[in-house]
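Q: Quick check, what structure comes out for this input:
(one chain, ligands or ions: 1)
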Amino acid sequence: MLDAIRNVNWPDNAAGNGVSREETREVLLRRPYWTAPGPDGTTLVYGLTDAGRHLLVSVVAEGEDVLVVGARDMKESWDASYTGAAPPPWDIGRPQPAFVRLADEGRLRGRVLDAGCGTGEHTLLAASRGADATGMDLSPTAIRRAREKAAERGVSARFEIADALELPRRAVVFDTVIDSAVLHVLDAEDRAKYVAGIASVLRPGGVCHLICFSDRQPGSWGPRRFRADELHAAFGDGWAIDSLTADKFHLNPFHGVHEAHAWLATITRK
Ligand SMILES: C[S@@+](CC[C@H](N)C(=O)[O-])C[C@H]1O[C@@H](n2cnc3c(N)ncnc32)[C@H](O)[C@@H]1O
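A: Numbers count the residues shown, from 1 in each chain. Below you'll find the model as predicted:
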């Protein structure tokens, strides 16, 4: 469907929710990255604006025409990505291989926080290797699924519906933070807040293991692509980047691919 769109029609009563028509057109015509069936015959289109805003646009599609039903910032809509008929591209039903390697090396240890844990694969991986693991995510559906998986697998881990931009309010201190595909969904303002929040909950000497989309990935579909220097800039004062290596994300197949170039970073809180 994404390749066929030529005409975007936005009726007066469509819900804009602070998203402009120009941004909606950008997403639908230039930067859509995946679609899922929505309610009442609609299609949900996820995409990135040129300014780096992740949007969720609900449309009724007919050939080359789409009728916009509503548009919103993903910040308010993450739950919708977990309620469709098919799982989103990143929700592969197992941990990313990069994190399995880290676990095999014994590096997911101590008190572990999986920020933006989705349906909990990395929290459960850490917990199954003996860590005291907590997963947190904005999406109630993802957290419900994570708790179900923990029960099904007999693994003990905590899962909370919570905002990773509010980490400084927490009293608990962690030894390890996991970020799988979260930093790259945040805009510049939220990214700075998020990194400061991780710093506030990691003990000095604690480590953040992060995997994000890389500028080495060809094409323009998908989330924000990071350059190595942007990661160095995001983790500046108060951090030491111990390693930054080219790696791969495994994905549920979309855009004809089942993996994408990523950066894997290990970053110590000074
Ligand atoms: C691309 S998904 C990755 C999910 C998971 N880490 C994984 O690897 O499967 C990004 C996740 O971040 C969550 N998220 C986005 N903003 C968040 C925030 N401010 N606080 C907590 N979770 C957030 C979304 O709900 C979504 O589950």
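Q: can you list the residues of the chain near the ligand?
A: By the rule C-beta under 6 Å from any ligand atom, the part of the chain lying against the ligand is 78, 90-91, 116-118, 136-139, 142, 163-165, 180-182, 185. Every C-beta, even on glycine, is put in place using the N, C-alpha and C of the backbone.
Q: Which of those are buried? Put it as a ChimeraX command.
A: Only the buried entries of the residues of the chain next to the ligand go into this ChimeraX selection, using 16 or more other C-beta atoms under 10 Å:
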select :78,90,91,116,117,118,136,137,138,139,142,164,165,180,181,182,185
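Q: Now do the same contact list for Ile5.
A: By C-beta atoms under 8 Å, 6 or more residues apart in numbering, the contact list for Ile5 reads Leu28, Leu29, Pro32, Ala61, Glu64, Asp65, Val66.
Q: Now flag whichever of those is closest to the ligand.
A: Within those, proximity to the ligand (C-beta to the nearest ligand atom) peaks at Pro32, which comes in at 16.0 Å.
Q: Mind listing what's buried along the lowest-mean-pLDDT helix or strand in the chain?
A: Scoring the helices and strands of the chain by mean pLDDT, DSSP states H and E places strand 32-37 at the bottom, with a mean of 80. Taking 16+ other C-beta under 10 Å as the neighbour-count basis, strand 32-37 is seen to contain the buried residues Pro32, Tyr33, Trp34, Thr35, Ala36.
Q: In JSON lines: those, plus distance to Thr43.
A: Listed next are those as JSON lines, based on distance: C-beta to C-beta, whole Å:
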{"residue": "Pro32", "distance to Thr43": "10"}
{"residue": "Tyr33", "distance to Thr43": "13"}
{"residue": "Trp34", "distance to Thr43": "11"}
{"residue": "Thr35", "distance to Thr43": "5"}
{"residue": "Ala36", "distance to Thr43": "7"}
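Q: Quickly note the distance from Glu62 to Ala127.
A: 47 Å (C-beta to C-beta, to the nearest Å).
Q: And the two? Which one has more around it.
A: When Glu62 and Ala127 are compared for neighbours, Ala127 comes out ahead with 23 against 10, by other C-beta atoms under 10 Å.
Q: tell me the SS of that one?
A: helix (DSSP: H, G, I helix; E, B strand; the rest coil).
Q: That one contacts Phe159, doesn't it?
A: No - counting by C-beta atoms under 8 Å, Phe159 is not a contact partner of Ala127; they are 10.3 Å apart.
Q: now stretch 126-142, how far from the centre of its chain.
A: 15 Å (C-alpha atoms, centre = their mean, to the nearest Å).
Q: Quote the end-to-end distance of that stretch.
A: 18 Å (C-alpha to C-alpha, to the nearest Å).
Q: How about the contacts made by Pro88?
A: Trp34, Ala36, Ser81, Tyr82, Asn252 are the contacts of Pro88 under C-beta under 8 Å, 6+ apart.
Q: should've said Val59
A: Leu28, Thr42, Thr43, Val45, Val66, Leu67, Val68, Val69.
Q: how far away is it from Pro253?
A: From Val59 to Pro253 the distance is 22 Å (C-beta to C-beta).
Q: just Asp73 next, same as before
A: 27 Å.
Q: Surely Gly135 is in contact with Cys117?
A: Yes - counting by C-beta under 8 Å, Gly135 does reach Cys117; the two are 3.2 Å apart.
Q: what ranges do the strands span in the stretch 1-150 of the chain?
A: 7-9, 32-37, 43-48, 54-62, 65-73, 111-115, 132-137 (DSSP state E, counting those that start in this stretch).
Q: Which of the ones you listed sits closest to Cys212?
A: strand 111-115 (12.5 Å; C-beta to C-beta).
Q: Dump that closest one to CSV, keeping only the CA atoms.
A: Extracted in CSV, the C-alpha atoms of strand 111-115 (Å, rounded to 0.1, in the frame of the first residue of the first chain):
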residue,chain,number,x,y,z
ARG,A,111,20.1,-4.6,39.2
VAL,A,112,19.1,-4.2,35.6
LEU,A,113,16.6,-1.7,34.1
ASP,A,114,15.3,-2.3,30.6
ALA,A,115,14.1,1.1,29.6
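Q: And that strand, what does it pack against?
A: helix 121-128, strand 132-137, strand 174-180, helix 188-201 (3 or more C-beta pairs under 8 Å, 6 or more residues apart in numbering; DSSP states H and E).
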